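*Asks:* here is a sequence with its predicted model. Questions after.
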Amino acid sequence: MADNRGVVYLEPGKVEVQDIAFPELKNPKGKKITHGVILKVVSTNICGSDQHMVRGRTTAPAGLILGHEITGEVIEAGTDVEFLKKGDLVSVPFNVACGRCRTCKEMKTGICLNVNEGRAGGAYGYVDMGGWIGGQAEYVMVPYADFNLLRFPNKDQAMEKIRDLTMLSDIFPTGFHGAVKAGVGPGTTVYIAGAGPVGLAAAASAQLLGAAVVIVGDMNKARLAHARSFGCETVDLTLDASLTEQITQILGVPEIDCAVDCVGFEASGHGTDSKKEVPAAVLNSLMEITRAGGSIGIPGLYVTEDPGAKDQAAQKGSLSIRFGLGWAKSHSFHTGQTPVMSYNRQLMQAILYDKVQIAKAVNVEVISLDDAPKGYAEFDSGVAKKFVINPHNLIPDVKPKTKAKEVATH
């Protein structure tokens, strides 16, 4: 029997579950560390960012063990771990952060200066992010554990809500961060580009923040239907009507207060160009519809190198953005990886106290580790689902609560 198994990227379009090494308390260079823990993975999610690599749209090497959305149980702790113990159930921010550098002390944990020799910022199982082994596996090692990990206060309660709490590692804070940076607040009108899991998480976040109207745009009718299922207005970008025209039909005016880009660099054009890749299409459209003085949150991924791009400039991460339009309208742009630790504790509380049903919003489907390759294929086809991998079959089969029938009394 293998000590561990994980999802391994082999080549564009192909992943496979393989036997992999059991994790050790070592950094990517093999140096022993005492500040880490080893987790038995309870849940680990397939992310749209993973799909960029699997499609061959990054420089990810073959053999990369995938997975940066991790929730797990501590089974071993290094000698310098003081505040976590064996048996604790924890959420792992996808950011690998030391807690000691300038940016970590500013809570900009997405750009830690010490966990990646190549550039600022580290992540598990991701290209150019420091070589940290991914968590789409049975077991994984997490460094700087006391700083990084969010412990759930009640393990039994957490397992009952694990479908929601597993979203704290990335997707929920990322959607929330995009909404916050876009200036979403009570009474605002919001447009969210993209009805994938991050876009749906951003939509649920906008509702949590008190938006008056949340509009979600996409080309996938199933995803748009799911957005409508929890109270969003929608825009179908395959239609001949422009985005501005469709916004006007909904709001009566051709602009919104806040905009969130949840698509990123693999964007397509609108209408007749909806099947044509146009990397800057979303950013340019958001500048057109966002009010003067408004903000644009950009949690959608943009890469420094895109070998799959048809445009030479886009291959180097250069996009044809109408920056002059944004400048003229005094727009604020907020980019970069989400600092998960800025939000995860508050969002955990919102989940535990039933203020948000994020698993319902992103349409969670739980699958086995062995079914991960199938999950990748289905996700890539555009299904309106968020796949959660259940490596040890620990996620309980929780049935929706139903109200008891009222008994008439006379």
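*Replies:* Received, thanks.

*Asks:* C-alpha only now, for contacts and for neighbours.
*Replies:* Fine.

*Asks:* show me how far whichever strand or helix holds residue 284 is from its chain's centre.
*Replies:* Assigned by DSSP states H and E, residue 284 belongs to helix 281-289. In terms of CA atoms, centre = their mean, to the nearest Å, the centre of helix 281-289 is found 21 Å from the chain centre.

*Asks:* same deal with stretch 11-21?
*Replies:* 21 Å.

*Asks:* quick one: buried residues of it?
*Replies:* Within stretch 11-21, the residues that count as buried by 16 or more other CA atoms under 10 Å are 11-12, 15-17, 20.

*Asks:* now stretch 321-332
*Replies:* Result for stretch 321-332 [16+ other CA under 10 Å]: buried residues 321, 326, 329, 331-332.

*Asks:* that older thread, tell me which helix or strand comes right after the helix holding residue 284.
*Replies:* Downstream of helix 281-289, the first helix or strand assigned by DSSP H and E is strand 290-297.

*Asks:* so which of the buried residues of stretch 11-21 would you say is closest to residue 362?
*Replies:* residue 15 (23.3 Å; CA to CA).

*Asks:* phi, psi of residue 323?
*Replies:* In terms of degrees, to the nearest 10, the main-chain angles of residue 323 are phi -60, psi -30.

*Asks:* mind checking pLDDT for it?
*Replies:* Residue 323 is assigned 93 on the pLDDT scale.

*Asks:* now residue 139. Its backbone dihedrals?
*Replies:* Main-chain torsions, residue 139, degrees, to the nearest 10: phi -140, psi 150.

*Asks:* tell me who's in contact with it.
*Replies:* Contact analysis of residue 139 by CA atoms under 8 Å, 6 or more residues apart in numbering lists 4-5, 22-23, 38-41.

*Asks:* pick out the most distant pair among these.
*Replies:* 5 and 38 (14.4 Å).

*Asks:* which residues of the stretch 1-150 of the chain fall in strands?
*Replies:* 4-11, 14-20, 37-45, 70-77, 89-92, 95-96, 122-123, 139-142, 150-151 (DSSP state E, counting those that start in this stretch).

*Asks:* please apply the same query to the stretch 201-350 of the chain.
*Replies:* Using DSSP E, counting those that start in this stretch, strands in the stretch 201-350 of the chain cover 213-218, 233-236, 256-261, 290-297, 332-334.

*Asks:* could you dump these to a markdown table with mean pLDDT and distance to residue 158?
*Replies:* Shown next, in a markdown table, are the strands of the stretch 201-350 of the chain (pLDDT from 0 to 100; distance: least, CA to CA, whole Å):
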| stretch | mean pLDDT | distance to residue 158 |
| --- | --- | --- |
| strand 213-218 | 98 | 29 |
| strand 233-236 | 97 | 32 |
| strand 256-261 | 98 | 30 |
| strand 290-297 | 98 | 30 |
| strand 332-334 | 96 | 32 |
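
*Asks:* pick the most deeply packed of those strands.
*Replies:* Greatest average neighbour count among the strands of the stretch 201-350 of the chain goes to strand 256-261 (a mean of 28), per mean count of other CA atoms under 10 Å.

*Asks:* which strands border that strand, and is each parallel or antiparallel?
*Replies:* strand 189-193 (parallel), strand 290-297 (parallel) (DSSP bridges).

*Asks:* what's the angle from the longest one to helix 281-289?
*Replies:* What that stands for is strand 290-297. Angle between the axes of strand 290-297 and helix 281-289 is 140 degrees (criterion: axes from the mean of the first three to the mean of the last three CA atoms, to 10 degrees).

*Asks:* format the strands of the stretch 201-350 of the chain as JSON lines; extra columns: distance to residue 390.
*Replies:* Output for these, formatted as JSON lines (distance: least, CA to CA, whole Å):
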{"stretch": "strand 213-218", "distance to residue 390": "29"}
{"stretch": "strand 233-236", "distance to residue 390": "32"}
{"stretch": "strand 256-261", "distance to residue 390": "30"}
{"stretch": "strand 290-297", "distance to residue 390": "32"}
{"stretch": "strand 332-334", "distance to residue 390": "34"}
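
*Asks:* tell me the mean pLDDT for the helix or strand encompassing residue 173?
*Replies:* Assigned by DSSP H and E, residue 173 belongs to helix 171-181. Mean pLDDT, helix 171-181: 98.

*Asks:* how about stretch 43-60?
*Replies:* Here the average pLDDT along stretch 43-60 is 93.

*Asks:* residues in contact with that stretch: which ones?
*Replies:* So stretch 43-60 is contacted by 9, 11-15, 66-72, 126-128, 135-137, 166, 171, 196-197, 301, 303, 305-309, 375-376, 380, 386-391, 395 (CA under 8 Å, 6+ apart).

*Asks:* burial count for residue 310?
*Replies:* 12 (other CA atoms under 10 Å).

*Asks:* quick revisit: next, the angle from the helix holding residue 173 to strand 189-193.
*Replies:* Using the same axes, to 10 degrees: helix 171-181 against strand 189-193 is 130 degrees.

*Asks:* how far away from the center of its chain is helix 171-181?
*Replies:* On the basis of CA atoms, centre = their mean, helix 171-181 is displaced by 9 Å from the centre of the chain it belongs to.

*Asks:* ok, now stretch 330-348?
*Replies:* Mean-position distance between stretch 330-348 and its chain equals 11 Å (CA atoms, centre = their mean).

*Asks:* got a list of contacts for it?
*Replies:* With CA under 8 Å, 6+ apart, stretch 330-348 has contacts from 93-95, 107-111, 148, 150, 165, 168-170, 172-174, 176-178, 181-182, 287, 292-299, 301.

*Asks:* are any of the residues you listed buried, and which?
*Replies:* 93-95, 107-111, 148, 150, 165, 168-170, 172-174, 176-178, 181-182, 287, 292, 294-299, 301.

*Asks:* coming back round to it: please name every helix or strand in contact with the helix holding residue 173.
*Replies:* Counting contacts by 3 or more CA pairs under 8 Å, 6 or more residues apart in numbering; DSSP states H and E, helix 171-181 packs against helix 197-208, strand 256-261, strand 290-297, helix 344-352.

*Asks:* list the contacts for the residue nearest the centre of the chain?
*Replies:* Centroid-nearest residue in the chain, with CA atoms, centre = their mean: residue 171, separated by 2.9 Å. Shown in contact with residue 171 (CA under 8 Å, 6+ apart): 47, 197-198, 201.
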